[in-house]
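> What follows is a predicted protein model with its sequence.
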Amino acid sequence: MSTTATIFATLGLYFVIVLVIGFIFEKKVKGLADYLLGGRKVGPYVIAFSERASEMSGWVGLGLPSEGFYSGLNATWNAIGCFYADLMNWTILAKKMRRFTEKVGALTVPEYYEFRLADKSGVLRITSALIIILFLTGYVGAQATAAGKVFSSVIAASGGNVTPDTIQTWIIVGALIMIIYTVLGGFFAVAWTDFIQGLWALLGFTLVVLIALAKLGNPLDKLATYTISQGSTVTYTDIHNFWGYEYTGALLMVIILSYIAIGFGWPGNPHITVRYMAIKSTKDIPKSAFVALALLLVIYYLAMSVGWLTRVAITEGVMSQNLADLVAQDAEYSFPALTMQFTHPILAGLILAAPVALMMSTADSQLLVATSAIIEDIYRRTLAKEIDEKKLVLYGRIVTFVLGILALIWALYFESSVYYFVLFSWGGLGAALGSVTLLTVLWKRMTASSALAGLVTGAAGVVIWKSYSKGWILMPGGDPNGALTALAISVPIIVLILGFIGMYLIEKDPGKAAKGAIAATIAAGILWVLWVFLRYKLDPDYTAWWYELLISFPMAIVASLASGYVTTPPPEDELEEIIKNFYGTETQATSHTSEIKPLAVTEIDVVKAYLTYKGI
């Protein structure tokens, strides 16, 4: 059997295991709550691995090794930003979201907003659901792109000719497998396959790094001897540099802050926060948190080590020419190339299942959350309040399949880099939903209108800046400074118009809606204008990475805060009920009825570090 056939046969074994799990858990799905949240019966260790696997995606499987290859030790800022953010999620959000959503019977994040902020208009629920659908289908598309790269690397390593049609074929194969078992088993299948895929990813990264270390030695020692010369912006130093080698001064700070800003996305990605809603008991949260955080550090550093080791293998002339050429074409091939260079085809197939596992586990989770946004937040709550549970599950499965197909369109037309493809979708969810989710827990006076301001501002900031950075808008003739005034007023205008329309539907008072929209526009506009002209002043040729989430998240926060003080908060007399629902004992979730009172939340104490975290 050829090398290519052996590797694909081993990968096929992995897909068979995944599909079998989907068939097994199909029997457990009795209603929509089972399909979307596993009936809130998922244990702590399964949740921990599921949370990790659903977040890591092809971004960790292919993107981080690429960052390690290009940026050396500087890539560790990824892990720093992501660790503090996940710690924040577990300490601030997990317990309260689990308890609150069960008390009020919320199955999705948009429903959580609706109950928390007393929004009887449905505007928050529908707006947040649409944002989830937009960015999560793009996120799934990124996983399809990553799968295509892994499969095509196997063919290229054996001397085969990889064409765009070849990549598309493998994207479709991987996507269909993921869609089928998500359609069959819903959250039960996703959580359990994520558990297996998280273990598989940990094992795969560990094996390839240990084998490469045995062959090459300590990569950091060797990286310290390599110099970089890639253009006028590069300071000629070694790549073994924690502070980076491409920029100095203010631009270096922008790059580091952009890395750290990746963490802003954690509270806004619903395929992560939904794990907190599905855990069996709040008493299990410390166990889940410890395991999840430990996995993050281990797998992130293993992934970056793959990039470091690949650079050493190529520089030292150890890697075969066809694999070295593949990585030179795109460093996101680092993991497959290193794996196939140093392992037997059978073991290579098992190890390559690691990044595929991360891609599949993220994509299935995102499909499920996007499905819940359509079925639960739009269809059931808006168009058909009374409908048989079995029909809802059937409709959910149909929607899951359709969204999976739509995600392939993103994969074909948006972005070839898995790393930046993921960061766009991650940033959109983080800026819009992340800002709102954090404030619902931290700020007692938050209003439905202020939440809308955060959603609109965050989403608009990410979409406009990414479109500008790609040269699609406001960059005439490729000149990044050709339409700065139009760029500076773009987001404020969007916030003003959409903010007023949404706030009017919520407040039913044009005066308050105008005040809220103007307050949000001024607050967000000040930050946005400063950002636009700071980029022009510090980086006139626009060569550095100015991550859209670095501006969009704080902009959404200030827009929410500013509009919150001039719009209507939830009634004060509901405070006692609020406290009970956040801090009381767990009960069986209630169903959706007209008698459920909309709720607000109290402020929380200063967040403590996880190791000192108590109160479960």
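Ah, there it is. None of these values were measured; they are calculated from a predicted model. Numbers count the residues shown, from 1 in each chain.

> and the closest residue to Thr3 other than its chain neighbours, how many neighbours?
On the basis of CB to CB, 6 or more residues apart in numbering, the spatially nearest residue to Thr3 that is not a chain neighbour turns out to be Pro345, at 4.7 Å. (C-beta placed from N, C-alpha, C; glycine too.) The local packing count at Pro345 equals 21, with neighbours defined by other CB atoms under 10 Å.

> can I assume Pro345 is in contact with Phe8?
No. In terms of CB atoms under 8 Å, Pro345 does not count as a neighbour of Phe8; the distance is 9.5 Å.

> For the residue nearest the centre of the chain, which non-adjacent residue is closest in space?
Relative to the mean C-alpha position of the chain, the nearest C-alpha, by CA atoms, centre = their mean, is the one of Trp426, at 4.1 Å. Leaving aside its sequence neighbours, Trp426 sits nearest to Gly265 (CB to CB, 6+ apart; 4.3 Å).

> try Ala144
Of all residues apart from its sequence neighbours, Ala411 sits closest to Ala144 (CB to CB, 6+ apart), at 4.0 Å.

> Now do the residue nearest to Trp426 against Trp465, distance only.
In this view, Gly265 and Trp465 are 15 Å apart by CB to CB, to the nearest Å.

> Give me the distance from stretch 318-334 to the chain's centre.
Here stretch 318-334 shows a centroid-to-chain-centroid distance of 28 Å under the convention CA atoms, centre = their mean, to the nearest Å.

> which outside residues touch that stretch?
In this structure, residues lying in contact with stretch 318-334 by CB atoms under 8 Å, 6 or more residues apart in numbering are 62-63, 65-66, 68-70, 146, 149, 153, 156-157, 159, 215-216, 306-307, 310, 312-314, 336-338, 340-341, 416-419.

> Tell me, please, the helix or strand in the chain that averages the lowest pLDDT.
None of the helices or strands of the chain scores lower by mean pLDDT, DSSP states H and E than helix 32-37, at a mean of 44.

> rewinding a little: who's in contact with the residue nearest to Trp426?
Residues in contact with Gly265 (CB under 8 Å, 6+ apart) are 85, 426-427, 429-431, 434, 549.

> Out of these, who's the most crowded?
Of these, Ala431 is surrounded by the most neighbours, 36 neighbours in total, counting by other CB under 10 Å.

> right, and that residue touches Phe264 too?
Yes. With contact defined as CB under 8 Å, Ala431 counts as touching Phe264 (7.2 Å).

> Give the intersection of the neighbour lists for the two.
With CB under 8 Å, 6+ apart as the test, Ala431 and Phe264 both reach 549, 553.

> Looking at the contacts of stretch 318-334, which are in helices?
Of the contacts of stretch 318-334, the ones assigned to helices by DSSP state H are 65-66, 68-70, 146, 149, 153, 156-157, 215-216, 306-307, 310, 312-314, 336-338, 340-341, 418-419.

> which of those count as buried?
65-66, 68-70, 146, 149, 153, 156-157, 216, 306-307, 310, 312-314, 336-338, 340-341, 418-419 (16 or more other CB atoms under 10 Å).

> State the mean pLDDT of stretch 64-77.
The pLDDT scores in stretch 64-77 average 86.

> how distant is that stretch from the center of its chain?
Taking CA atoms, centre = their mean, the mean C-alpha location of stretch 64-77 is offset from the chain mean by 19 Å.

> Then stretch 110-122?
23 Å.

> Check stretch 436-453 too.
The answer for stretch 436-453 is 21 Å, by CA atoms, centre = their mean.

> Kindly report the same for stretch 542-561.
A distance of 16 Å separates the C-alpha centroid of stretch 542-561 from that of its chain, computed with CA atoms, centre = their mean.

> per-residue confidence averaged over that stretch?
Per-residue pLDDT values over stretch 542-561 give a mean of 95.

> Keeping just the C-alphas, turn it into CSV.
As requested, C-alpha coordinates have been extracted for stretch 542-561 and formatted as CSV (Å, rounded to 0.1, in the frame of the first residue of the first chain):
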residue,chain,number,x,y,z
TYR,A,542,-0.2,49.8,6.7
THR,A,543,2.3,47.0,7.0
ALA,A,544,1.6,45.9,10.6
TRP,A,545,-1.2,43.8,11.9
TRP,A,546,-4.0,46.0,13.4
TYR,A,547,-6.4,43.4,14.6
GLU,A,548,-10.0,44.4,14.3
LEU,A,549,-11.0,43.0,17.7
LEU,A,550,-8.4,45.3,19.4
ILE,A,551,-10.6,48.3,18.6
SER,A,552,-14.1,46.8,18.1
PHE,A,553,-14.3,45.2,21.6
PRO,A,554,-13.6,48.3,23.7
MET,A,555,-15.6,50.4,21.2
ALA,A,556,-18.7,48.1,21.9
ILE,A,557,-18.1,48.4,25.6
VAL,A,558,-18.1,52.2,25.7
ALA,A,559,-21.1,52.3,23.3
SER,A,560,-23.1,50.1,25.7
LEU,A,561,-22.0,52.1,28.8
